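# Sequence first, then the predicted structure:
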There are 2 protein chains.
Amino acid sequence: MMNEAEPKLDTLHTDPNEQMIVDRIYSAVMEQKLAPRTKLSELALCETFGVGRMRVRRALLLLSSQGIVDLRSNRGAYVACPSADEARDVFVARLTIETGIVRELARGIRDDGIQILRSHVEKEEVARRTDDRPEIIRLSGAFHVELAKCHENSVLIRVVRELVTRTSLIVALFGTNQASTCPDDEHASIIDAIVSGDPQSAEDTIRHHILHVQNGLDLNQSQKAEPDLAKILTGRM
Amino acid sequence: MMNEAEPKLDTLHTDPNEQMIVDRIYSAVMEQKLAPRTKLSELALCETFGVGRMRVRRALLLLSSQGIVDLRSNRGAYVACPSADEARDVFVARLTIETGIVRELARGIRDDGIQILRSHVEKEEVARRTDDRPEIIRLSGAFHVELAKCHENSVLIRVVRELVTRTSLIVALFGTNQASTCPDDEHASIIDAIVSGDPQSAEDTIRHHILHVQNGLDLNQSQKAEPDLAKILTGRM
DNA sequence: TTGACACAAATTGTTAACAATGCAGAACTT
DNA sequence: AAGTTCTGCATTGTTAACAATTTGTGTCAA
């Protein structure tokens, strides 16, 4: 029996449908509790969530359709391992979509939206002061989803959530030693730019921010933990 | 026995996987061969594609995750019937994403990309001259996907394809009597704006175009063929 | 005729068994 | 000892039967 690292997913006690399973894995990836290339065996997920194989397989299919999971025929499901090209695609797509979102928000945002964003940044600061690393990572990505939520557009929310999640995988793979998450005060700057009402300024700010994250990566070098090594490490600890 | 309109899907003779099934239904919806609220019974799809129920159910799940199909528990799968709110979301998302795409294309587009776009518009004109309505509809949507393809970004291509398909459903539901597809020469104008190299002009052109399509709809009125009536008509012809 | 109720048929959802594939370790050869 | 083949085990893929729900129909009563 293998004793590879178990996915860090708390067991549920309710009766979850496949969307709950998808969300749980989604969250785990976003919080970098599930590393790229982690094997997601059907049996393990069945036991973790207390459901039949069908539910698990449906959830895995949905996850694979969003690029979060790689489904390899007859070999199982693995947390996705984006290539450098895919990573670039994700960042370009984020630039395209998120700049559009903040430009529109700069033209008019509801007051409660601003409230939510500011309190979100506050939470980030708290997490940073208490050095709660998982929480920092989670909130850091969630901020961008909150921006999309201010737009109140179901399509954009879904797309941004997908892209933020994939960004987590990319950072895990290509991140350099330095702080590999969203820098400290840039989220606050984005809010300020939105509130100022200048679309161009808002666009520039978030573009700078996203590029900042991308520049913290090393997309030209090989990925961390190439397949063979990872296999060795998980096979025999 | 019901004698409702059969889905217009030619039978296949190869051994398709679920992605092929998804693509076929995708195409049928984009070409408006499958109307909203059309029931997609598992048995019918199994026979049409010559596959087992599992493949069909996986395909339907994928389609539902993209808003093309509504999966109602214990009642089956139906071609999606977007609400007016969902329709607005789709158009806002298209504005956000497609303006971003053409702005970037205006900053630099490969020559072969221009070639493809121009020959695409030519095909549209041919189809229009020969009054090939299904082909007009198909090409009209496909143009926007081709724009995304010029960007060579897998994420954006996928999202645009989804949105264009959903737009087909929306037009089918909310379209007024008039020409409910992309107007004649606006696609050519978009190409010209891109080639001119002025991002702002390109953005304005495609924004105008998308809004033009949206204005051809009647999103405030009730949808065509409200549920009850449709039920009556299909139940007893 | 209309409505309610009951039953039958059809369709979807779930489960479990089976088949097929890949993987790992043992045995064998060189 | 290194490499190769073989065999058994574990995991995934598929099928088919079964259960549950909805839907349509027919009967009956008001």
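Nice, thanks for sending it over. Residues are numbered from 1 along each chain as shown, chains lettered A, B, ... in the order given.

# Now do the SS call for residue A:78.
Going by DSSP: H, G, I helix; E, B strand; the rest coil, the secondary structure assigned to residue A:78 is strand.

# Tell me the pLDDT of the residue nearest to it when sequence neighbours are not counted.
Nearest residue to residue A:78, sequence neighbours excluded (C-beta to C-beta, 6 or more residues apart in numbering or on different chains): residue A:70, at 4.9 Å. Heads up, the C-betas are built off the backbone N, CA and C, glycines and all. At residue A:70, the model reports a pLDDT of 97.

# Strand partners (parallel or antiparallel) of the host helix or strand of residue A:70?
Using DSSP states H and E, residue A:70 sits in strand A:69-72. Its sheet considered, strand A:69-72 pairs with strand A:76-79 (antiparallel) by DSSP bridges.

# ok, and what's touching the strand it pairs with?
Residues outside strand A:76-79 that contact it (C-beta atoms under 8 Å, 6 or more residues apart in numbering or on different chains) are A:29, A:34-42, A:60, A:63-64, A:68-72, A:169.

# How about stretch A:55-69?
For stretch A:55-69, using C-beta under 8 Å, 6+ apart, the contacting residues are A:16-19, A:21-22, A:25-26, A:29, A:40, A:42, A:45-46, A:49, A:70-71, A:77-80, A:82, A:86, A:162, A:165-166, A:169, B:58, B:61-62, B:65.

# quick one: which of those sit in strands?
If you go by DSSP state E, these have A:40, A:70-71, A:77-79 in strands.

# Give me the mean pLDDT for stretch A:40-57.
96.

# List the buried residues of that stretch.
For stretch A:40-57, burial by neighbour count (16 or more other C-beta atoms under 10 Å in any protein chain shown) applies to A:40, A:45-46, A:48-49, A:51, A:55-57.

# So is that stretch next to DNA strand C?
Yes. Stretch A:40-57 lies within reach of DNA strand C by C-beta under 7 Å from any atom of the strand, at A:51-55.

# Number of residues surrounding the closest residue to residue A:81 other than its chain neighbours?
Computed as C-beta to C-beta, 6+ apart, the closest residue to residue A:81 that is not its neighbour in sequence is residue A:36, at 4.4 Å. By other C-beta atoms under 10 Å in any protein chain shown, 21 other residues sit near residue A:36.

# what helix or strand does residue A:36 sit in?
Per DSSP H and E: nothing holds residue A:36, as it lies in no helix or strand.

# wouldn't it be in contact with residue A:169 here?
Yes. Here residue A:36 lies in contact with residue A:169, judged by C-beta atoms under 8 Å, at a distance of 5.2 Å.

# list the residues that contact both of those two?
A:79-82.

# who wins for neighbours among these?
The residue in these with the most neighbours, by other C-beta under 10 Å, is residue A:80 (24 neighbours).

# If you count neighbours, what's buried in the lengthiest helix in chain A?
Ranked by residue count and defined by DSSP state H, the top helix of chain A is helix A:84-106. The neighbour-count check on helix A:84-106 (16+ other C-beta under 10 Å) flags A:84, A:86-106 as buried.

# helices and strands of chain A: which one has the lowest mean pLDDT?
Lowest by mean pLDDT, DSSP states H and E among the helices and strands of chain A is helix A:227-235, with a mean of 37.

# Distance of residue A:196 relative to residue A:176?
According to C-beta to C-beta, to the nearest Å, residue A:196 stands 33 Å off from residue A:176.

# Provide a list of residues in contact with the most centrally placed residue in chain A.
Centrality entry for chain A: nearest residue to the mean C-alpha point is residue A:165, 2.1 Å, by C-alpha atoms, centre = their mean. Counting by C-beta under 8 Å, 6+ apart, residue A:165 makes contact with A:26, A:29-30, A:66, A:68, A:141.
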